[in-house]
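Q: requesting a structural model of the entry that follows:
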Amino acid sequence: MYESFFELRERPFDLTPNPRFLLLTGRHREALSNLHYGVTRQKGLTLLLGEAGTGKTTLIRAALQQWELSGHRIAYLNNPTLTRAEFVESVATALDLGGDAGASKVRFLSALTDLVMQRHGQGLVTGLLIDEAQCLSDELLEEVRLLANIETPSEKVFPVVLAGQPELAARLNEPGLRQLKQRVALRCRLDALDVREVAAYISGRIRLAGGVSRALFTREAVMAIHEYSGGIPRVINVICDNVLLSAFATSQSPAPRALVEEVCRDFDITRPQAAASGEAASALAEPVPAPVLQDAARPAVDAPAAEAVTHAAEPANQPVPAAGHAGGGRSLFGHFTARRRFSFSDWRG
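A: All right, here's what the predicted structure looks like:
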């Protein structure tokens with residue numbers, strides 16, 4: 001609705017977990033590296049934790065895209081509130097094990113083991129990734145533990161990733177789940193964004209949508225978005241989308257802080273922790289290295305200093321050579337060609 005008013009090609013703050021808009025902070029890079037290492041090196045069980053709205057699903061979808069390009073096959077479950085029979089059927093369907101496998105656990109385990117071993121012999125990974133894993137019953141967590149035990153005499157061959165909210169970690173501390181906890185080989189966590197990362201997140205999404213950051217939000221508005229959202233990307237999207245809608249309705253460009261506060265009142269969004277405005281302003285003014293806003297098929301590399309950032313338009317996505325394949329043999333989240341990076345100069349006076 002407001003795209004033409006702000007000269008945007010698309011809406012930059014939709015709530016769908018689109019990996020094109022993945023913001024790669026240092027913690028996101030670490031999490032991606034852990035996911036990649038845990039799956040491709042078949043380390044058994046990897047744990048990804050983060051509060052609701054911190055971007056776990058977006059990160060997961062970016063990783064799944066890259067694994068698919070490399071020929072790996074990861075069964076993805078994002079609604080794990082299932083019975084044991086439904087869980088078996090879901091995994092069997094995701095890995096195309098056939099209808100008979102989904103109807104019988106014995107046939108399921110036989111077909112799964114055959115597939116895993118066959119693909120392992122070809123140098124390809126077969127695994128399982130469960131989002132919203134804090135919703136798994138104890139019964140299904142035990143099933144996950146047993147699936148992660150598929151192995152040869154020398155190595156695990158069925159990597160499992162559990163992604164969920166912090167209460168998943170608390171559940172693993174329960175005595176009945178100690179065997180599962182002991183099998184966690186890698187563990188990573190996504191946290192809320194700080195004010196500079198919020199600025200980069202907003203700026204980057206606007207730029208990918210074809211807009212100019214200064215034309216959409218004032219610096220004071222960005223600081224208010226950080227204060228009210230607590231640095232949670234999903235809440236940032238809700239605020240920004242509705243602020244832009246209100247700005248369009250009232251013909252305000254760029255949107256001021258007052259409009260952010262009005263939207264937050266309407267949505268009953270309160271400051272989770274009041275940030276000092278002076279500190280936020282100074283953080284936005286610091287010339288620090290910027291996080292990277294990841295483009296769809298482009299894995300992360302170390303960002304140069306903000307002064308070296310270029311805002312030139314980038315060509316359309318190019319195919320990414322798979323890890324270990326001909327055409328580069330580069331690490332999946334290793335060194336690739338130029339991609340968009342964003343500094344915080346958009347709101348510096």
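Q: quick one, strands of the stretch 1-150 of the chain?
A: With DSSP state E, counting those that start in this stretch as the criterion, the stretch 1-150 of the chain has strands at 22-24, 45-50, 73-77, 126-130.
Q: strands paired with the second one, and their directions?
A: What that stands for is strand 45-50. Note on strand 45-50: by DSSP bridges, its sheet partners are strand 160-164 (parallel), strand 184-190 (parallel).
Q: redo the strands of the stretch 1-150 of the chain as JSON lines? Include distance to residue 150, mean neighbour count and mean pLDDT.
A: To be clear about C-beta, it is placed using only N, CA and C from the backbone, and glycine gets the same treatment. Shown next, in JSON lines, are these (distance: least, Cβ to Cβ, whole Å; neighbours: other Cβ atoms under 10 Å; pLDDT from 0 to 100):
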{"stretch": "strand 22-24", "distance to residue 150": "30", "mean neighbour count": "24", "mean pLDDT": "86"}
{"stretch": "strand 45-50", "distance to residue 150": "12", "mean neighbour count": "24", "mean pLDDT": "96"}
{"stretch": "strand 73-77", "distance to residue 150": "13", "mean neighbour count": "18", "mean pLDDT": "97"}
{"stretch": "strand 126-130", "distance to residue 150": "9", "mean neighbour count": "24", "mean pLDDT": "97"}
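Q: could you dump those strands into JSON lines and include distance to residue 249?
A: Output for those, formatted as JSON lines (distance: least, Cβ to Cβ, whole Å):
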{"stretch": "strand 22-24", "distance to residue 249": "28"}
{"stretch": "strand 45-50", "distance to residue 249": "34"}
{"stretch": "strand 73-77", "distance to residue 249": "39"}
{"stretch": "strand 126-130", "distance to residue 249": "41"}
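Q: between those strands, which one is closest to residue 173.
A: strand 45-50 (12.4 Å; Cβ to Cβ).
Q: break the protein into its domains for me.
A: 26-190, 193-347 (automatic domain parsing).
Q: lowest average confidence across the ones you listed, which one?
A: In terms of mean pLDDT, the lowest-scoring of these is domain 193-347 (a mean of 68).
Q: hmm, back to that, any chance of a markdown table for the domains of the chain, columns distance to residue 4?
A: Converted to a markdown table, these look like this (distance: least, Cβ to Cβ, whole Å):
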| stretch | distance to residue 4 |
| --- | --- |
| domain 26-190 | 27 |
| domain 193-347 | 9 |
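Q: closest to residue 15 out of those domains?
A: Closest among these, using Cβ to Cβ: domain 193-347, at 5.6 Å.
Q: returning to what we had before: just the strands paired with strand 45-50: most buried one?
A: Most buried of the strands paired with strand 45-50 by mean neighbour count (mean count of other Cβ atoms under 10 Å) is strand 160-164; its value is a mean of 25.
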